[in-house]
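J.: predicted model, plus sequence, below.
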Amino acid sequence: MKKTSLLFLALATVLVVDTQAQVARVITLADSLVGGVGGVAVDRMGNIFSADFMDSVWRIRPDGRVSKFASGFYGASGNAFDSKGTLYQASFFGHYLSRVDRHGNHEVWVDEGLNGPVGVAIKSDGSVFVNNCSGNTVSRIGSDGVATMFASGNLFSCPNGITVGPDSALYVVNFRDGRMIRIDESGRAELFATVPGGGNGHVAVARGSFYVTAFQSNRIYQVTMDGSVTLVAGTGQFGEQDGAPLEALFTFPNGIASNAAGDRLIVNDYINRTPPGVDVPPVPLANIRLIKLESISDVITGALRSGGITDMEVAYRAFKSDPSTATLFTEREVNGYGYAMMNQGQLDVAIRLFELNAESYPNSFNVWDSLAESYMNKGRTREAIANYEKSLSINPGNQNAHDMIAKIKAK
């Protein structure tokens with residue numbers, strides 16, 4: 001019944017281990033931001049905040065407008081938002097942590113006990129944790145702004161990025177090697193995974209998996225909760241090329257964050273980097289890159305192109321059973337795709353999509369209504385009536401179903 005117009009992107013994912021990487025495309029959102037690359041944070045309204053590892057934080061609005069949000073920091077590095085929209089911004093060279101309000105006004109909150117702070121993570125209870133790259137420790141910040149050591153040990157080698165995992169533990173990635181470390185509630189650290197490339201930037205969570213910027217090797221990796229590591233974007237060469245993930249080029253990607261919906265990753269990387277031996281270095285410039293995670297539409301499109309309806313069904317079921325995507329709500333998207341196929345005369349594809357959608361969402365009156373319409377257009381009137389009646393059993397007020405049954409019976 002409900003028709004939706006959708007933009008469908010082709011499936012383009014190659015894996016280095018046997019797992020689903022779920023990345024569709026890389027797109028540049030903004031370029032030529034003056035400064036380097038620190039952390040990236042995204043608020044719940046979709047605004048992107050990129051620290052420049054100098055004195056500023058840039059804001060990139062959803063409509064693409066770029067402006068300087070706040071300045072006056074000293075090596076603006078990692079950052080994170082709390083539940084009230086306050087940005088916590090680390091200053092690497094100043095060894096302090098600031099709190100920034102929604103207007104860009106900021107104050108130093110922690111000015112003792114930090115040593116080269118970079119990554120910032122905030123748990124659901126408001127607890128704040130900061131990586132000390134220069135000290136090889138992780139600090140916990142009390143509500144009074146006092147930093148105490150939470151985790152340390154030989155596993156840490158310039159701990160850079162930090163995030164809260166799906167299991168509520170802390171996960172840290174090192175800058176000077178590829179190690180990814182899990183820290184439990186008591187502060188006990190253990191090796192979780194090793195990311196190729198020799199040195200990481202930051203880490204974010206999306207769809208129940210981790211995504212890590214491999215700063216030294218110009219790539220992006222996915223790390224699942226079982227510690228499996230998958231290359232998802234980047235050739236390893238320097239550059240700014242967008243497009244299919246394993247054809248995209250990055251230059252020292254560093255900050256990474258996911259949007260509120262968990263279907264987009266935001267990365268900052270360099271446009272240029274000071275080459276060794278240059279007496280007068282150029283002004284550093286940075287990009288903001290969007291990594292679009294695969295939607296169910298991307299999966300369907302790729303499967304239809306490669307193998308038809310049979311492959312489409314296999315791909316659909318794999319997407320719906322994968323732990324990282326199983327909980328995603330896809331009813332409206334699949335319904336819209338089905339109508340797009342029906343409008344193009346591909347009724348068999350549309351019918352199978354509507355059937356799969358009805359399997360996934362049997363309590364939705366709309367999926368049965370759409371399936372009935374596809375059967376009606378195919379001339380399968382008995383099945384059309386049965387499915388319109390199924391829709392009415394869920395929603396007796398569905399006037400469209402009443403009208404269509406009357407129309408079919410009048411013929």
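T.: Arrived safely, thanks for sending. Numbering: from 1, shown residues only.
J.: from Leu328, how far out is the closest residue to Gly262 other than its chain neighbours?
T.: Nearest residue to Gly262 in three dimensions, chain neighbours excluded: Ala206, at 4.7 Å (CB to CB, 6 or more residues apart in numbering). The C-beta positions use only the backbone N, C-alpha and C, and glycine is treated the same way. Separation of Ala206 from Leu328 (CB to CB, to the nearest Å): 11 Å.
J.: which residues touch Val334?
T.: 296, 300, 316, 353, 356-357, 360 (CB atoms under 8 Å, 6 or more residues apart in numbering).
J.: which of the residues you listed sit farthest apart?
T.: The distance between the two most remote of these (CB to CB) is 13.1 Å, for Ile300 and Ser360.
J.: who's more crowded, the two?
T.: Comparing Ile300 with Ser360 by other CB atoms under 10 Å, the one with more neighbours is Ile300, at 27 against 17.
J.: what separates the more buried one from Gln89, distance-wise?
T.: 41 Å.
J.: same deal with Arg65?
T.: 21 Å.
J.: which one of those two is surrounded by more residues?
T.: Legend: neighbour count by other CB under 10 Å for Arg65 and Gln89, higher for Gln89 (28 against 10).
J.: which SSE is the more buried one in?
T.: strand 87-91 (DSSP states H and E).
J.: and the contacts of that strand?
T.: Strand 87-91 has contacts (CB under 8 Å, 6+ apart) with 39, 41, 49, 51, 57, 70, 73-82, 96-100, 106, 109, 114, 117-120, 122, 128, 130.
J.: for stretch 43-54, same thing?
T.: Taking CB under 8 Å, 6+ apart as the rule, stretch 43-54 contacts 29, 33-42, 57-62, 69, 73, 75-79, 81, 85, 87, 89, 92, 255, 257, 259-260, 266, 268, 284, 286, 288.
J.: just give me the neighbour total for Glu355.
T.: 17.
J.: which PyMOL command selects the buried ones in the contacts of stretch 43-54?
T.: Listed next is the PyMOL selection for buried residues among the contacts of stretch 43-54, using 16 or more other CB atoms under 10 Å:
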select buried, resi 29+33+35+36+37+38+39+40+41+42+57+58+59+60+69+73+75+76+77+78+79+81+87+89+92+255+257+259+266+268+284+286+288
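J.: which other helices and strands contact the lengthiest strand in the chain?
T.: Counting residues, the longest strand found in the chain (DSSP state E) is strand 23-34. Judged by 3 or more CB pairs under 8 Å, 6 or more residues apart in numbering; DSSP states H and E, strand 23-34 is in contact with strand 56-60, strand 229-233, strand 285-293.
J.: could you tell me the angle between that strand and strand 229-233?
T.: With axes from the mean of the first three to the mean of the last three CA atoms, to 10 degrees defining the directions, strand 23-34 sits at 60 degrees from strand 229-233.
J.: roughly how far is strand 23-34 from the heart of the chain?
T.: Relative to its chain's centre, strand 23-34 lies at 14 Å (CA atoms, centre = their mean, to the nearest Å).
J.: swap in stretch 322-341?
T.: How far stretch 322-341 lies from its chain's middle: 18 Å, per CA atoms, centre = their mean.
J.: same deal with stretch 266-279?
T.: 25 Å.
J.: now it: average pLDDT?
T.: When pLDDT is averaged over stretch 266-279, the result is 81.
J.: next: stretch 331-339.
T.: pLDDT averaged over stretch 331-339 gives 97.
J.: any idea how far Glu383 is from Phe129?
T.: Going from Glu383 to Phe129 by CB to CB gives 57 Å.
J.: more neighbours: the two, which one.
T.: More crowded of Glu383 and Phe129, by other CB under 10 Å: Phe129, with 23 against 16.
J.: where does that one sit, in terms of helix or strand?
T.: Secondary structure assigned from DSSP H and E places Phe129 in strand 128-132.
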